[in-house]
Structure formats: structure tokens, C-alpha cells
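**Q** Structure for this input, please:
(2 chains)
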Amino acid sequence: MEGDSFMVGRVSYWLPGLIIVFVLGSQISVSAYSAVRKHGGTPELVHQSWPFLDYPMYSRSSGPPVQADTTRLFAELPDGSRVEVTAKFIGLKYFAWRYGIVERLVAEPIGPDRPELAAKVEAHRIEARDKAAFRVEQVSEQVPVRFIVERTVRTLQGREIQTTTAEQSLEMPAGDPGELEANRGE
Amino acid sequence: MGSEFTGNSVRGPGGLLKNYFFPEAMTTRLAVLRILCVAAYLLWFMYPLSYDLELLAHPGFKDPQWLTQALVAVFGESNVRHPLTITLVYDLSILAGMLALVGWWTRTSLGVFTACFWFLLAHRYSYGEFHHVETVFGIFLFMLAFSPCGDCLSLDAWHRQRDPRTESDRRSWRVGSISRMAMWPIVTVQILFALVYFDAAASKMINGGLYWFNGYTMQDFLLTDGYRNDRPLGVWLSKYREICILMSVAAVAYEGLFWLALVPRLKRYAVPMFLAGGVMLHLGIFFLQAAPFFMWMTLYGVWFPWERLSWLRAGQPSKSEAAEPAGLADLKHVPA
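**A** Here you go, the predicted structure:
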């Protein structure tokens, strides 16, 4: 079709070629690195390579029993009522809410033999608590007195599903409204 | 699923790759994909502005993306995380998107639209969570901005048709030219699809191994996501292990073999099969687990021969002018 009126004349391949090499090279590198290291989408890799990502979602395997563990977070207000603190309520996506707020609130305390880690866990707990409390106060205009994490485990047995529920609570510090205020700006 | 390729092939060093990524083809497919992707984003995929503004209620970034870090380094966090900045970028993305949609200053408007897309996405994913659904779509938008996607079906083309100074090019604004730049974004994103699907299958085999097919694994995913995302169909299906085993095998086979859709000799049969399978797979994932991969399904449009639609064929070069529509099978013209 050279000379055809529809044919674009001279073509330069260098820029599209560079983009092709960059795009496919980046994706292949990330996938290969992830495969070799069994990296599995950790923040370290993601934040260096984004938007070229590995795809390890749903890649773990599991055996029986088949269980679904779901979590709900509630804030109890001074009048005794409960407000559910969902991911949407707090303005986060599900996993950021689950691992950045809920799991930190109820994380097991670390023993005195590892003081640095223990301090970090407690700092995360306070940060998560204050972030959730701040949002609850914004919406309900009341400072919550405690947070309650409700864990429901559903176990598949044959075609039946059995449900068990447990609660953990975390009291808000009493009589120190300034502490919450101080943590808002962090 | 080929397109109106001409038979001219580049010979010599690099000819194989050039004929693979840069075959002579109509620019019509690029133009249709520009309209499809931008319209789908503006009408369907775009988050409401309130979502982005609500993120500013957080005290600061958490694990910010490198693009966000770069912007913060240049402009400062207080400027990047400012409601006015987010609002301006959001509004600019709508304006640029509308211009790209109608094809006015197409490359420039699409470039601005893509930059806004990446800014908003990087900001959104700098608060401790990210997702995969937008990345391939965004990469394709980025490549489109460097392609002749405004060559037809655009105000630019309509203006050119009416411009007396372009006497030598009087084709209809609906008809694309034949260009070696018409296929590279399409071929690249097709390969990208094959890579990410293969990555997903490989991850399952590396992390889960053969146990991934035991049925319990799929039951676990369906039950958990069913309750977490309020998907009663997923909860119901999780009770049937035999079906879950079949679903596991089908999912890994689909992801691991998707690259067959790139093989020239198999394309004719593999592409329709994999696209139909992909639509079923992603609709299934949505209805059973609430994972919305609609952007990927929109991008399946890169396999559709839009230039064959009758409305877009009027005025195209005839088959006698163009060589056989062999698609990537044109590789056979390349000397060994």
C-alpha cells in the first residue's frame, strides 16, 4: 500500500518500541521476580513496581474444614447504643480496614522480652483506635466508650453451615479527651 | 478475528518483531477502542468525587504509591492532599475525557485524561490498599495516547475532511487510514493480558500447588467471599465440592492457556473461545465473590475486529487493494 492515499508515510518505531519494551519488560520482570521469590504481592514489591503487579490473589490452598471467618467492628457509645464501623464508614477499602484497624485493635500484646515490638504493637493499637474513634465522633457526635470486635466463624459440614460468634472489646481511655485530640493530627 | 491487514511486511533485521507489533492495519480499531474505553470510564468506572475527597479525612498517606511519593516530593504533601487539587484534577479528567471521547485534539486530550487517571488512582491507592483491576486499563490508555487513535471517528478527522487544505486526503471522517502504528497498543495489551493471566495461574501453582484443585480451596474462597461481600449464590455453591473442583480446574486452565489466543495459527478458534470463557469467568467472579473486573472485560474489545462493522467499512480500501486479512498470520511473510 505504499503510496496509497490512506497510508501514513514515514513511520518511526523508536517511541512505541520503547513503550512496548518498557510495558512488557516491566510486567515480565515483576512476574518472574514474584515467581522466584514466591513474593505474593507484599507491599515491598507492590510499591516499587506498581502499576506492574503480580497476581497472587486467591493462590493459597486449603484443606478441610472449610471455614469462613468474618469480622465486624462496633463502637459502643455512652448511651449504650452501638455504631457499626465498617470499611465504608471509616473511608477505607476492606483490607485496609481489616488489617489497618480491626486486627491492630485486637492484636495480642507482646511480652516484655521484646520491648521494641511491644511498643510498636501498642502504638498501632492506639493509632487504629483513635482513627476509628475520630470517625465515630464525626458522625455520631459522641466519643465511643469501647470498641467491640465480633468474629463469626462459619464452618461447612456437609451441606450445612454451623456458626459460632465471639466478641473482643477494647476500652477507650477514660477521662482524657485530650489524648484523642492529640492523636488526630498525626 | 483478524483485521484488514495488508500483506506488506518488513524484511531484514527486526522484521519479525516489526511485523508482529507494527503490521499495516486500519486505524479504525484504535479509534473505536478510544471511544469504548473513555466512554466506559466516564459513564461507568469513574469513582464519585466524594470518594476521593473523603480520603483526605485520613491524617496522611499510608504506604503511598511511588507516583504519589514523586508528586509529594515535587509539590509537597499538603498541596497533593488538598481538596482543591483533587477537585481540579477530577474535573480536568472529565473535561479531557470528553474531548478524547469526541476526538478533539485527540492525543493531547487523551494524554491529559490518562495523566489525571493515574494521579487519581495513585492517590486512591496510597492509603494502605490497592487493587489490580485498573492497571491494565490504565496502561492501555497510556499507550493509546501515543497512537493514531484520533485518525478517524473524531472531530479531528471530521475537521480534516472539511479542510480544503487537505485536498489529497478526502476520505470520510469515519474511515481510518492504514498505518503501521495502528496495532502496537492493541498487540501489546493482548500480550499483557496473556502475561497477567499466566502470572495468576503460576501463582496458584507455586503458592497453592496441586492442592489448589482439591475443591476445599474453592469452597473456602466462595464461602468467605460469599459472607464477606453478601453473595448468597457463592455461599450456596460452596456447598458442592465437586462443582468447586471443576471450577478450580477451569480457572487455572483458562489463565494458564490464555496465551494460545496470541498464536497466529490458533487465533481464529482460540480468541472467541477465550473471550467467551473470560466473560463467564469474570461475571462468575463478580456474582460469586464480588470482584468487579469489568474494566478487563471492556478491554476484551482489543480482540474484536471493529473495522469489519458495515457502518465503518464504507469507503475503506477494497479487498483487492488490501492484501489478505490474515492478522498476525502475516508473520509467514517474514523471511526465516
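**Q** List the buried residues in the lengthiest helix in chain B.
**A** Using DSSP state H, we find that the single longest helix of chain B is helix B:267-289. For helix B:267-289, burial by neighbour count (16 or more other Cβ atoms under 10 Å in any protein chain shown) applies to B:267, B:270-271, B:274-275, B:277-278, B:281-282, B:284-286, B:288-289. The way it works is simple: take the backbone N, C-alpha and C, and place the C-beta from them, glycine included.
**Q** For my notes, confirm A:Ser12 occurs in a helix.
**A** No. Checked against DSSP: H, G, I helix; E, B strand; the rest coil, A:Ser12 lies outside a helix; its state is coil.
**Q** need the buried residues of helix B:267-289 in CSV with distance to A:Gln162 and pLDDT, can you?
**A** Formatted as CSV, the buried residues of helix B:267-289 follow (distance: Cβ to Cβ, whole Å; pLDDT from 0 to 100):
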residue, distance to A:Gln162, pLDDT
B:Lys267, 50, 88
B:Ala270, 45, 93
B:Val271, 46, 94
B:Phe274, 40, 95
B:Leu275, 41, 94
B:Gly277, 35, 95
B:Gly278, 36, 95
B:Leu281, 31, 94
B:His282, 32, 95
B:Gly284, 27, 95
B:Ile285, 27, 94
B:Phe286, 28, 95
B:Leu288, 22, 95
B:Gln289, 22, 92
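**Q** between these, which is closest to chain A?
**A** The closest of these to chain A turns out to be B:Gln289 (Cβ to the nearest Cβ; 8.5 Å).
**Q** Might you report the residue contacts of B:Tyr227?
**A** Contact partners of B:Tyr227, counting by Cβ atoms under 8 Å, 6 or more residues apart in numbering or on different chains, are A:68, A:70, A:152, A:154, B:235.
**Q** if I look at it, how far off is A:Ala68?
**A** Per Cβ to Cβ, to the nearest Å, B:Tyr227 is found 5 Å from A:Ala68.
**Q** Give me the common contacts of those two.
**A** With Cβ under 8 Å, 6+ apart, B:Tyr227 and A:Ala68 have common neighbours A:Arg154.
**Q** Tell me where chain A is predicted with low confidence.
**A** A:1-11, A:38-47, A:174-186 (pLDDT under 70).
**Q** Can you show me the helices along chain A?
**A** In chain A, the helices defined using DSSP H lie at A:14-37, A:43-49, A:87-90, A:94-97, A:103-105, A:115-140, A:177-184.
**Q** low pLDDT regions in the stretch 51-200 of chain B?
**A** In the stretch 51-200 of chain B (pLDDT under 70), the answer is B:166-171.
**Q** Next, count neighbours for residue 34.
**A** The chain I'm using is chain A. By other Cβ atoms under 10 Å in any protein chain shown, 24 other residues sit near A:Ser34.
**Q** Please refer instead to chain B.
**A** Applying other Cβ under 10 Å, I find that B:Arg34 has 25 neighbouring residues.
**Q** Can you classify it by secondary structure?
**A** Classified using three-state DSSP, B:Arg34 is helix.
**Q** who's in contact with it?
**A** B:100-101, B:103, B:106, B:110, B:144, B:149-150, B:153.
**Q** so how far is B:Arg231 from it?
**A** 34 Å.
**Q** sorry, back to before: now for the longest helix of chain B, which elements pack on it?
**A** Using 3 or more Cβ pairs under 8 Å, 6 or more residues apart in numbering or on different chains; DSSP states H and E, the elements in contact with helix B:267-289 are helix B:216-228, helix B:232-237, helix B:241-257, helix B:294-299.
**Q** right, so those: which one is the most enclosed?
**A** helix B:216-228 (a mean of 23; mean count of other Cβ atoms under 10 Å in any protein chain shown).
**Q** Which members of the contacts of B:Arg34 occur in strands, if any?
**A** Among the contacts of B:Arg34, DSSP state E puts none in strands.
**Q** Which one of those residues is nearest to chain A?
**A** B:Leu144 (10.9 Å).
**Q** how many neighbours does that closest one have?
**A** B:Leu144 has 27 nearby residues by other Cβ under 10 Å.
**Q** Next: A:Gln138.
**A** A:Gln138 has 9 nearby residues by other Cβ under 10 Å.
**Q** give the contact list for it.
**A** Per Cβ under 8 Å, 6+ apart, neighbours of A:Gln138: B:Ala57.
**Q** picking up where we left off before, right, and the helices and strands packed on helix B:267-289 - which one's nearest A:Leu53?
**A** helix B:294-299 (13.3 Å; Cβ to Cβ).
**Q** what's that closest one in contact with?
**A** B:36-37, B:40, B:44-45, B:133-134, B:136-137, B:140, B:189, B:193, B:278-279, B:282-283, B:286.
**Q** now that helix: mean pLDDT?
**A** For helix B:294-299, mean pLDDT rounds to 94.
**Q** Just the C-alphas of the helix or strand just after it, formatted as CSV.
**A** For helix B:294-299, the following helix or strand on the C-terminal side (DSSP states H and E) is helix B:310-313. The C-alpha trace of helix B:310-313 is given here as CSV (Å, rounded to 0.1, in the frame of the first residue of the first chain):
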residue,chain,number,x,y,z
SER,B,310,-20.5,-2.3,8.0
TRP,B,311,-21.0,1.3,9.2
LEU,B,312,-17.2,1.7,9.5
ARG,B,313,-16.4,-0.2,6.2
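**Q** Mind listing what's buried along stretch B:90-100?
**A** B:90, B:93, B:96-97, B:99-100.
**Q** same question but for stretch B:65-75, I mixed them up
**A** B:65, B:67-69, B:71-72.
**Q** Please list which of those residues are also close to chain A.
**A** B:65, B:67 (Cβ under 8 Å from any Cβ of the partner chain).
**Q** ok, so of the buried residues of stretch B:65-75, who is nearest chain A?
**A** Nearest to chain A among the buried residues of stretch B:65-75, with distances taken as Cβ to the nearest Cβ, is B:Gln65, at 5.4 Å.
**Q** re earlier: would you mind giving the helices and strands packed on helix B:267-289 as a markdown table with distance to A:Pro64 added?
**A** Putting those into a markdown table (distance: least, Cβ to Cβ, whole Å) gives the following:
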| stretch | distance to A:Pro64 |
| --- | --- |
| helix B:216-228 | 5 |
| helix B:232-237 | 17 |
| helix B:241-257 | 9 |
| helix B:294-299 | 32 |
